[in-house]
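S.K.: fold the following, please.
(chains A and B)
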Protein chains: 2
Amino acid sequence: MRITSILVAAILATGAAAQTITSPDGNVKLDFSLQQGRPTYQLTYKGKDVVKPSHLGLELAKDKHASKGMDETDLIDGFVIQKTSTSTFDETWKPVWGETATIRNHYNELEVNLTQPATERNIIIRFRVYDDGMGLRYEFPQQKTLNYFLIKEERTEFAMAGDHIAWWLPGDYDTQEQETQETRLSGIRERFNTSVNWGNSSVAVFSPTGVQTSLQMKTDDGLYINIHEAACVDYATMHLEMVDAQTKTLSEKLGGGSNAYTPAPAPSAYPLPKPFTFVSHLTPDATGLKGAMQTPCQTPWRTIIVSDDARDMLSSNLILNLNEPCKIEDTSWIHPVKYCGVWWEMIVGKSAWNYTDEFPSIKLDQIDWSKVKPNGRHAANNEKVKRYIDFAAKNGLDEVLVEGWNVGWEDWANMWKRDVFDFVTPYPDFDIKMLNEYAHAKGVKLLMHHETSSSTQNYERHMEKAYNLMNKYGYDAVKSGYVGDIIPRGDHHYSQSMNNHYLYCIQEAAKHHVMVNAHEAVRPTGLCRTWPNLVGNESARGTEYEAFGGSRPDHTLILPFTRLQGGPMDYTPGIFETQLSNWSDNPNWVHTTLVGQLALYLTMYSPLQMAADLPENYERFDDAFQFIRDVAVDWDDSKYLEAEPADYITVARKAKGTDNWFVGGKCDENGHLSIVKLDFLDKERKYDCTIYADAKDAHYQNNPKAYTITRKTVKKGDVLKLKQAPGGGFAVSIIAK
Amino acid sequence: MRITSILVAAILATGAAAQTITSPDGNVKLDFSLQQGRPTYQLTYKGKDVVKPSHLGLELAKDKHASKGMDETDLIDGFVIQKTSTSTFDETWKPVWGETATIRNHYNELEVNLTQPATERNIIIRFRVYDDGMGLRYEFPQQKTLNYFLIKEERTEFAMAGDHIAWWLPGDYDTQEQETQETRLSGIRERFNTSVNWGNSSVAVFSPTGVQTSLQMKTDDGLYINIHEAACVDYATMHLEMVDAQTKTLSEKLGGGSNAYTPAPAPSAYPLPKPFTFVSHLTPDATGLKGAMQTPCQTPWRTIIVSDDARDMLSSNLILNLNEPCKIEDTSWIHPVKYCGVWWEMIVGKSAWNYTDEFPSIKLDQIDWSKVKPNGRHAANNEKVKRYIDFAAKNGLDEVLVEGWNVGWEDWANMWKRDVFDFVTPYPDFDIKMLNEYAHAKGVKLLMHHETSSSTQNYERHMEKAYNLMNKYGYDAVKSGYVGDIIPRGDHHYSQSMNNHYLYCIQEAAKHHVMVNAHEAVRPTGLCRTWPNLVGNESARGTEYEAFGGSRPDHTLILPFTRLQGGPMDYTPGIFETQLSNWSDNPNWVHTTLVGQLALYLTMYSPLQMAADLPENYERFDDAFQFIRDVAVDWDDSKYLEAEPADYITVARKAKGTDNWFVGGKCDENGHLSIVKLDFLDKERKYDCTIYADAKDAHYQNNPKAYTITRKTVKKGDVLKLKQAPGGGFAVSIIAK
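M.R.: A predicted model of the protein is given here:
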């Protein structure tokens, strides 16, 4: 580690010359200046505009407690530069799990100390410039003149240089499970107007030009630009609202889809920026406010990843690097997990989470479960779970998820029902002691499931007992869920308080040596570096939507550019029987080929990977299932060989602690030919290579399960030509001899 | 116990003849009927109107989840009577602590089963008529057509028969610490217009004719009428909004004083009732809704206590009787408590809760308390606490409250600071182990203090550890506090979720054998019958206001009619040095005589009584302090000898398990002569009687500490003439020889 610090100047006048820093390789250049007292930055990559001059600042809420010490003058303008300093940081660190064994964190930093003379308050804006982009954040030192404040809105601008292509989700306070939209920036509003049904959007969309992050863009001159955030801790999640020619005020409220419980945002006193400018829009609390702050504190990092090579977007570690180092001292209990589970058959509708249909609604404290009439459809029963345990043991899977094991599934979501689960009481046909012992005897663990139904107070009240139960029976990982509207009413999935809740769960879990895989929680921002027991998240449209009507074939070719920037996703791939009607009444079908499903184990990086289909479906395709048995879930190295958003991704990964490589390619509905040169292999060795490929006539729509398996010996420098069918892919295992 | 059940009729047509039941003694008569499909009741007492025909019902919110099974048709009209039945109940039960050793629960009940044919929903309205009033509640049986619903507003009407005198507090979602207003009903609006400063009202007042319960009234024909509620469990607290000639819509929003965070109530679709009618107004959640319900469920009881003798209002057990029997099996650990504490000197401003003034604000996880610079004003230090323990031990007090023992008091209220206290970490000068051992060695316990700062999530997160700490060191009671605005933002002290929180704390405390005395929590509704470890509440303007500017001398002559209907108050009487400037810089003075303070131990019933003044002040008046040493805090019998709201109260109480009596009288600023006939004494015995009386020239303003102490022997039938000075009182101990 090497740190160089240079004090540039003390007490610079307003309107002073811009401060400039560049990335270590010189390609990324950041300028900071004050424009009429407003902090302003711009960013270029190899001389091309990435962000044109954009303002920074926060509007503060006028609070009823202002007289008691709450500050309320906006932190927007009236600033002078007190001091700036630059430094360099270069460190290589080892993630507990990851795509590579080590990660280099190398940046140049600009720290701008600003004073607002009218209020005698000081803030710091800190920029870190990397070879692949930059992060900036606001810092609020402790000071007598700035102790507590409420955020009305953060006003961080990102002025785009043109009408880029963008892959975006409609801004929403409660879900990110929509299908990604691909439009020019100028087309966002029209898409909002025409797409009345976002697939599974909640009703908490806030503006007809509001989008979520991570937002991936591509410019006409070949730049890839990504805007997201890093280290969102005790702060509301950021959305982006784009200014266009029709924008009259920020945070335009949508008509039909507005959430009746969220107060309309207060209008801003500041002028609109120019069109094609994104402005930050934080998730509100129940009162419409965006955050309560106490100094010393800071915002999350606002990140911009940029390159002229799409592969750099996928290999970027910028967001992880902007998070704090690991805070868990002993991480020996944290491990990657390959698992199967009692899940898909319920998603598809063949069996049920709930045990009984006897009551129109239930109250946990009023039911004698031993006397309840079973509905005969309850999946999480002893017999079935044993079947899954046997399957996991036979195939080298680490754990078995069981959903629906605990009482309360009879009426659990969207009823504003607070005391919905207790997280400790099994249904009568789930013998928790026997099943854990049965699994452990076979070298398998059960994977706990905590559906909170978004009743967060209820979950926190039971959490300690729930984790104790896990410790007692030997569970070491929990999949948690946040389906439905947040209770307390009026709160949102991505608010400051909810973000605090998710982290609280992770921290409490760590005390119990429990790994967390939170579904429907906030989109990740790299906190898995600090808390590596956060081994997964959903926070996007997962495989389950294939049973709900399907996702476009290019969906998984966007997610690595967007959702995966902040951390791994429990996408739950591996559906071999793509025609659900072949074993259920569900008419839907999976929008990939079977081999395309195999490719996802590589293109959708996660230390937690599910083999999501039913054992009986895997047994029908046992030769293909061999790849899932073989594929690693933790890596010493990863090389993105080719990539284009929404088109194709090909990646080669070296399994942790071995000389074995796995290569995966996934493409969209147009098919793709991949030429993979094996120049990453060890030149001293030979390898057994098994190629899982789409058959010639394979097609995700009408011939998805046609595949070939080819075995040969390969060495460094060999070239594989791999033809991917429409909606297909390939998967290759390369095992050192 | 005897229960008689009579089925009156099955399937009665709409508009059928009224159903009538009377109280066991026949004085109270209730009529129920449907008027154009709306449930309607009226109440008389000895033939006089108490409540004129008044509608019953609930408006339901139109929820976005209506399509998913939430019901939303109002439960207001369109009803037919399906069945009515009556029954009688007579049972005598023993409270764990109380004003009497046994309580008789004797009522006649009318159960009205209503059907709303358009929705096929059934509800029950249940009336219980006692000799001293009635309770009614709505019940929602479990049924396929009514599973979950959101309450927009409860519309229970109380149509008063005239322009009564009323003692009322301004309706407020967050405080009941105002001074009581005395006006005619017709004068409420004008008082709102003129009283811009309610003393300590929060800003959450909702209407210029909104008042709190318990509401005490007196009619021109001599009836005393009290409206309150019983058994408020998982439901929002009820306020009352009065309709007057100027009322245009219900829930008129107040201008200047409105809470910026609470959405304005939605207008009602139903016509206004006639003037002098109170309509229920529930406390909203952050979204403006009033409650989320799941069948089977019921509302709290809406209570009307009525008599032509004011003393009956004070001896009424109607509210306790309408609560469920005790749910704690082993109550042996629950006991009355007489205590002193490190408290008054901080309230007065002489010393401080906080340990340091070093930081503009603090974060608990960032302070090394051992290195912090003390401010020298911290009261909860080892030396002082030992002094209080010595004092308690010497004078037979059971416990010593210590506020400010734990870290976090530097910046604790109204800053929207979530993680404000951890409830387990003592300041460096408070040796929790040593002090508890010191106390226990002298037969005294410390009384725990948990100020939550209304950050409820923070409190719940630490609660289990906090109670464990109490168990470890031998605390058996906690004073909790809810100062400031509720976090999560937008919630209110009296909402459904907060009422659920308070009860959760009591229930969790019971598991740890901890008694609870919650300050700034919701006004009680008799739940101490069900959870007798709820030994006290503040929930009104306590003695502390004597240090904040004072309370009127009649204040404590209203509270027993109003606040105390729902349960005991930790009023913290016993201030002997009424001139605070005699020992501090505080210019305020107590608005009673010294003897008036003694009287409060009897007129303000509580099983938890503080001797609130400083030991050194008691030592100056040790002869008067003898009464505090002697007075019991738990009773076998209580006889209200005379009473008039805001004028005077005289009560005789028989100490638990003894033949000793204590008589107390308190009067307003006009003074009062009490003639107390000792006909309640055992005729076989003689008694040592000690009379603590105001001196002839005593006066609460200019001569408050002039008193006489007289001793004599008395027997049954003797008469005591006791002259009370303006703002004074008397206290008498009658000890069996």
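
S.K.: which elements pack onto the host helix or strand of residue A:44?
M.R.: Under the criterion of DSSP states H and E, residue A:44 resides in strand A:38-45. The helices and strands touching strand A:38-45, judged by 3 or more C-beta pairs under 8 Å, 6 or more residues apart in numbering or on different chains; DSSP states H and E, are strand A:28-35, strand A:48-55, strand A:301-307. The C-beta positions use only the backbone N, C-alpha and C, and glycine is treated the same way.

S.K.: repeat that with 6 Å
M.R.: With contacts defined as 3 or more C-beta pairs under 6 Å, 6 or more residues apart in numbering or on different chains; DSSP states H and E, the secondary structure elements packing on strand A:38-45 are strand A:28-35, strand A:48-55.

S.K.: to residue B:591, which of those strands lies closest?
M.R.: strand A:48-55 (57.5 Å; C-beta to C-beta).

S.K.: between that closest one and strand A:28-35, how many degrees?
M.R.: Taking axes from the mean of the first three to the mean of the last three C-alpha atoms, to 10 degrees, one finds that strand A:48-55 is oriented at 30 degrees with respect to strand A:28-35.

S.K.: now the element after strand A:48-55, going C-ward?
M.R.: Using DSSP H and E, the helix or strand that follows strand A:48-55 in sequence is strand A:58-60.

S.K.: now do that following strand: everything it contacts.
M.R.: Surrounding strand A:58-60, the residues in contact under the criterion C-beta atoms under 6 Å, 6 or more residues apart in numbering or on different chains are A:72, A:74-75, A:149, A:151-154.

S.K.: and residue A:580, how many neighbours does it have?
M.R.: Residues near residue A:580, counting by other C-beta atoms under 10 Å in any protein chain shown, number 21.

S.K.: before we move on, back to that, out of the contacts of strand A:58-60, who's nearest chain B?
M.R.: Ranked by distance to chain B (C-beta to the nearest C-beta), the contacts of strand A:58-60 are led by residue A:149 at 9.2 Å.

S.K.: doesn't the closest one lie inside a strand?
M.R.: Yes - using DSSP: H, G, I helix; E, B strand; the rest coil, the assignment for residue A:149 is a strand.

S.K.: could you list everything it pairs with in the sheet?
M.R.: On DSSP bridges, the residues paired with residue A:149 through beta bridges are residue A:71, residue A:293.

S.K.: burial count for it?
M.R.: If you count neighbours by other C-beta under 10 Å, residue A:149 ends up with 28.

S.K.: that one touches residue A:294, doesn't it?
M.R.: No - here residue A:149 lies out of contact with residue A:294, judged by C-beta atoms under 6 Å, at a distance of 8.4 Å.

S.K.: which helix or strand contains the closest residue to residue A:292 other than its chain neighbours?
M.R.: Nearest in space to residue A:292, with sequence neighbours left out and distances taken as C-beta to C-beta, 6 or more residues apart in numbering or on different chains, is residue B:416 at 3.8 Å. For residue B:416, there is no helix or strand it lies in under DSSP H and E.

S.K.: tell me the pLDDT at residue B:416?
M.R.: Here the pLDDT value assigned to residue B:416 is 90.

S.K.: and it, how far is that from residue B:46?
M.R.: When C-beta to C-beta, to the nearest Å is applied, the distance between residue B:416 and residue B:46 equals 53 Å.

S.K.: looking at the two, which is more packed in?
M.R.: More neighbours sit around residue B:416 than around the other of residue B:416 and residue B:46, counting by other C-beta under 10 Å; the figures are 24 against 14.

S.K.: quick one: that one from residue B:486, how far?
M.R.: Relative to residue B:486, residue B:416 is positioned 10 Å away (criterion: C-beta to C-beta).

S.K.: then residue A:434?
M.R.: Per C-beta to C-beta, residue A:434 is found 45 Å from residue B:486.

S.K.: so those two - more neighbours on which side?
M.R.: Neighbours were tallied for residue A:434 and for residue B:486 using other C-beta under 10 Å; the higher tally belongs to residue B:486 (24 against 12).

S.K.: what's the distance between the more buried one and residue A:688?
M.R.: With distances taken as C-beta to C-beta, residue B:486 is found 64 Å from residue A:688.

S.K.: and if you look at residue A:367?
M.R.: 56 Å.

S.K.: neighbour-wise, which of those two wins?
M.R.: Of the pair residue A:367 and residue A:688, residue A:367 is the one with more neighbours under other C-beta under 10 Å, namely 18 against 14.

S.K.: check contacts around residue A:661.
M.R.: Residues near residue A:661 by C-beta under 6 Å, 6+ apart: A:652, A:654, A:734.

S.K.: who are the contact partners of residue A:611?
M.R.: If you count contacts by C-beta under 6 Å, 6+ apart, residue A:611 has them with A:340, A:574, A:628.

S.K.: restrict the residues you listed to those that also contact chain B, please.
M.R.: Among the contacts of residue A:611, not one lies near chain B by C-beta under 6 Å from any C-beta of the partner chain.

S.K.: out of the residues you listed, which is most surrounded?
M.R.: Among these, residue A:340 has the most neighbours (other C-beta under 10 Å), with 27 neighbours.

S.K.: starting at the chain centroid, how far to the helix or strand hosting that residue?
M.R.: Using DSSP H and E, the secondary-structure element containing residue A:340 is strand A:337-342. A distance of 20 Å separates the C-alpha centroid of strand A:337-342 from that of its chain, computed with C-alpha atoms, centre = their mean, to the nearest Å.

S.K.: just checking, next helix/strand downstream of that strand?
M.R.: Next along the chain after strand A:337-342, taking DSSP H and E as the criterion, comes helix A:344-348.

S.K.: kindly export that following helix (C-alpha atoms) in PDB.
M.R.: Output of helix A:344-348 as PDB, limited to C-alpha atoms (Å, rounded to 0.1, in the frame of the first residue of the first chain):
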ATOM      1  CA  TRP A 344     -39.400 -24.900  -8.300                       C
ATOM      2  CA  GLU A 345     -42.400 -27.300  -8.000                       C
ATOM      3  CA  MET A 346     -44.200 -24.700  -5.900                       C
ATOM      4  CA  ILE A 347     -43.200 -21.800  -8.100                       C
ATOM      5  CA  VAL A 348     -44.600 -23.700 -11.100                       C
END
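
S.K.: counting contacts, what elements does the longest helix anywhere in chain A pack onto?
M.R.: Of all the elements of type helix in chain A, the one with the most residues (DSSP state H) is helix A:456-473. For helix A:456-473, there is no helix or strand it packs on, judged by 3+ C-beta pairs under 6 Å, 6+ apart.

S.K.: can I get that helix as CSV, trimmed to CA atoms?
M.R.: Taking C-alpha atoms only, helix A:456-473 is exported to CSV below (Å, rounded to 0.1, in the frame of the first residue of the first chain):
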residue,chain,number,x,y,z
THR,A,456,-40.0,-6.3,9.3
GLN,A,457,-40.9,-5.6,12.9
ASN,A,458,-42.2,-9.2,13.2
TYR,A,459,-39.0,-10.6,11.7
GLU,A,460,-36.8,-8.5,14.0
ARG,A,461,-38.8,-9.6,17.0
HIS,A,462,-38.2,-13.3,16.1
MET,A,463,-34.8,-13.1,14.6
GLU,A,464,-32.6,-14.1,17.5
LYS,A,465,-34.7,-17.1,18.2
ALA,A,466,-34.8,-18.0,14.6
TYR,A,467,-31.0,-17.8,14.3
ASN,A,468,-30.7,-19.8,17.5
LEU,A,469,-32.9,-22.5,16.0
MET,A,470,-30.6,-22.6,13.0
ASN,A,471,-27.5,-23.0,15.2
LYS,A,472,-29.3,-25.7,17.2
TYR,A,473,-30.1,-27.8,14.1
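
S.K.: quick one: name whatever helix or strand follows it.
M.R.: Past helix A:456-473, further along toward the C-terminus, the next helix or strand under DSSP H and E is strand A:477-481.
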